[in-house]
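Novice: sequence unknown, structure follows:
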């Protein structure tokens, strides 16, 4: 198997060339993480597929969860002689990552998918369609370093596809949108054509949006377990319980992810402008540079709302996400300082033991 078919690009090749000059990595080979379960992994390389775990030194030096491998990551592993297992010694730098704040009150980053070229934001064309949720996904997607694409599923169950399509187009400025049906096959070939050799995509969306069904359609077989939607409220049943990277027969790799009941943003202030470019463009023509778009005279944003060129609900969504990101930024700045203190404290302890 050619490792480049797994997405091993020049970005990773350059890192590998530098690392293999170090003696401690001379027995290592590059491998990609295809499955994660707690701190156990399944990795695939040119030499085979193995179960893997991080080395003791790796675990000692990793201070945060995001420093551990995730599905999609490239790592340097050493195969254990006589066993179908490997030890992970090094995590290669990521070229992209889709993150969110973990659910609950804790302020911590959770990696959803790494080293992907395409982020496919999946939303079904039924009562579960939520344009505000799509805006939230777009903010996170723009910040990932990958190209966002919107996939509207279950077109065969929708009586007014154009209505939903127009709503999505209004908030997804400059983003490709595909309407699909795994039942009729509509749009599936168009999406499959995106996955040329070496390209990796990740499917992201709420439970029951049709991610696993789409994965099966792209793969050409029942690879993932699927469930229908509840008839009483059109909400999806949670099917996929883990992230997994699969190789598509026609080329490319695809990461299916569990449905997210909520997507809390993680330090993505810069990408807010990309997702709300229409509001940012209007704001640049306001009379006052520090206009809050509340009640100031000469506010171009409010004028657009009055003229019907901008929906008031979109502005409210913009304000809400702005506030949420400001809160995360304040919290992460404080935590970064504490983490730095813990890091140097740990290093200091190690030095003291060394010279005892």
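Specialist: Here it is on my side, so go on. Computed from a predicted model, the values in this text were never measured in an experiment.
Novice: Secondary structure element holding the residue nearest to the spatial centre of the chain?
Specialist: For the chain, the residue nearest the mean C-alpha position is residue 98 (2.8 Å; C-alpha atoms, centre = their mean). Counting by DSSP states H and E, the element that carries residue 98 is strand 97-101.
Novice: what is the mean pLDDT for that strand?
Specialist: The average pLDDT within strand 97-101 is 72.
Novice: Off-centre distance for the very next helix or strand once past that strand?
Specialist: Following strand 97-101 in sequence order, the next helix or strand is strand 109-114 (DSSP H and E). The chain centroid and the centroid of strand 109-114 are separated by 6 Å, computed with C-alpha atoms, centre = their mean, to the nearest Å.
Novice: just checking, what packs against strand 109-114?
Specialist: In terms of contacts (3 or more C-beta pairs under 8 Å, 6 or more residues apart in numbering; DSSP states H and E), strand 109-114 is packed against strand 97-101, strand 200-205. All C-beta atoms are positioned from the backbone trio N, CA, C, and that covers glycine.
Novice: So what angle separates the directions of that strand and strand 200-205?
Specialist: Relative orientation of strand 109-114 and strand 200-205, computed by axes from the mean of the first three to the mean of the last three C-alpha atoms, to 10 degrees: 130 degrees.
Novice: Name the residues of strand 109-114 that come out as buried.
Specialist: Within strand 109-114, the residues scored as buried using 16 or more other C-beta atoms under 10 Å are 109, 110, 111, 112, 113, 114.
Novice: So for the helix or strand just after that strand, mean pLDDT?
Specialist: Going down the chain from strand 109-114, the next helix or strand is strand 118-124, by DSSP H and E. Average pLDDT, strand 118-124: 91.
Novice: Could you identify which of the helices and strands packed on strand 109-114 is most buried?
Specialist: Comparing the helices and strands packed on strand 109-114 on average neighbours per residue, with mean count of other C-beta atoms under 10 Å, the densest one is strand 200-205 at a mean of 27.
Novice: Point out the other helices and strands that that one packs with.
Specialist: Applying 3+ C-beta pairs under 8 Å, 6+ apart, we find strand 200-205 packed against strand 109-114, strand 118-124, helix 131-143, helix 211-219, strand 253-256.
Novice: Direction included, what does it pair against?
Specialist: Paired with strand 200-205 in the same sheet, following DSSP bridges, are strand 118-124 (parallel), strand 253-256 (parallel).
Novice: Contacts for the shortest one next, please.
Specialist: Spelled out, it's strand 253-256. Strand 253-256 is contacted from outside by 6-7, 71-72, 113, 116, 195, 199-203, 211-212, 215, 218-219, 224, 240, 243-248, using C-beta atoms under 8 Å, 6 or more residues apart in numbering.
Novice: before we move on, back to that, dump the strands paired with strand 200-205 into a markdown table; add distance to residue 38 and mean neighbour count as well.
Specialist: Shown next, in a markdown table, are those (distance: least, C-beta to C-beta, whole Å; neighbours: other C-beta atoms under 10 Å):
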| stretch | distance to residue 38 | mean neighbour count |
| --- | --- | --- |
| strand 118-124 | 25 | 25 |
| strand 253-256 | 18 | 26 |
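Novice: And these: which comes nearest residue 282?
Specialist: Closest to residue 282 of the strands paired with strand 200-205, according to C-beta to C-beta: strand 118-124, at 24.4 Å.
Novice: what inclination does that closest one have with respect to helix 211-219?
Specialist: Relative orientation of strand 118-124 and helix 211-219, computed by the same axes, to 10 degrees: 120 degrees.
Novice: can you give me the angle strand 118-124 makes with helix 131-143?
Specialist: Using the same axes, to 10 degrees: strand 118-124 against helix 131-143 is 170 degrees.
Novice: still on that earlier bit, of the buried residues of strand 109-114, which pair is most distant in space?
Specialist: Largest pairwise distance in those, by C-beta to C-beta, is 13.2 Å, between 109 and 113.
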